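Colleague: sequence and predicted model, in that order:
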Amino acid sequence: MTKPRTHNKKSGSTADEARSINKSLRRTQALLQQELERVSHVSEAIDSDGKLLNQTKDHQRDMNETVKGANAALRNLQLQQKKEFLILMASVVFFYLVAGYALWTRIPLPLISWQAAVRVFRSLQFTATLIWTGETVVT
């Protein structure tokens with residue numbers, strides 16, 4: 001009779017160990033399930049952040065194209081401004097030449113040849129300098 005009791009102790013001890021192992025496996029399984037859910041949430045967050053980064057990249061690319069277009073328009077405006085300035089200078093030169101010719105032909109002074117031309121040229125140069133620099137003359 002001592003053998004069956006010893007056998008029951010081993011059997012009970014084995015059952016307790018089996019239950020303990022089973023509980024441990026269930027806890028491990030629950031922890032693995034939690035980690036799997038956490039990794040799944042992290043993966044979803046990474047996917048959503050990746051989509052947001054792609055949208056931001058596309059928006060930035062569109063903005064770069066808009067800025068390039070604006071720069072081209074600004075260059076065209078500056079070129080047009082330079083052309084208009086040259087036309088203005090040509091018209092001022094033409095005005096002084098016509099005014100000088102009119103004075104030279106109307107006023108019968110023999111000394112209005114080179115001296116008048118030099119004065120007209122100097123006043124033309126002074127006017128061009130004022131227009132170019134944008135300064136005003138205070139008298």
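Modeller: Sure thing, it's come through.
Colleague: who does the longest helix belonging to the chain touch, helix- and strand-wise?
Modeller: The residue-count maximum for a helix in the chain (DSSP state H) belongs to helix 2-106. Counting contacts by 3 or more Cβ pairs under 8 Å, 6 or more residues apart in numbering; DSSP states H and E, helix 2-106 packs against helix 114-133. (Each C-beta comes from the backbone N, C-alpha and C, glycine too.)
Colleague: now do the longest helix of the chain: distance to the chain's middle.
Modeller: 14 Å (Cα atoms, centre = their mean, to the nearest Å).
Colleague: Ser43: neighbouring residues, count only.
Modeller: Neighbourhood size, Ser43 [other Cβ atoms under 10 Å]: 10.
Colleague: please report the distance of it from Asp49.
Modeller: Here the distance between Ser43 and Asp49 works out to 11 Å (Cβ to Cβ, to the nearest Å).
Colleague: which residues do those two both contact?
Modeller: Residues touching both Ser43 and Asp49 (Cβ atoms under 8 Å, 6 or more residues apart in numbering): none.
Colleague: which residues of the chain score low on pLDDT?
Modeller: 1-12, 108-120, 124, 126-128, 130-139 (pLDDT under 70).
Colleague: redo that, cut-off 50
Modeller: 1-7, 138-139 (pLDDT under 50).
Colleague: tell me how far the most centrally placed residue in it lies from Ala70.
Modeller: Among the residues of the chain, the one closest to the centroid is Asn64, at 5.9 Å (Cα atoms, centre = their mean). Distance, Asn64 to Ala70, by Cβ to Cβ: 11 Å.
Colleague: I'm done for today, thanks for sticking with me.
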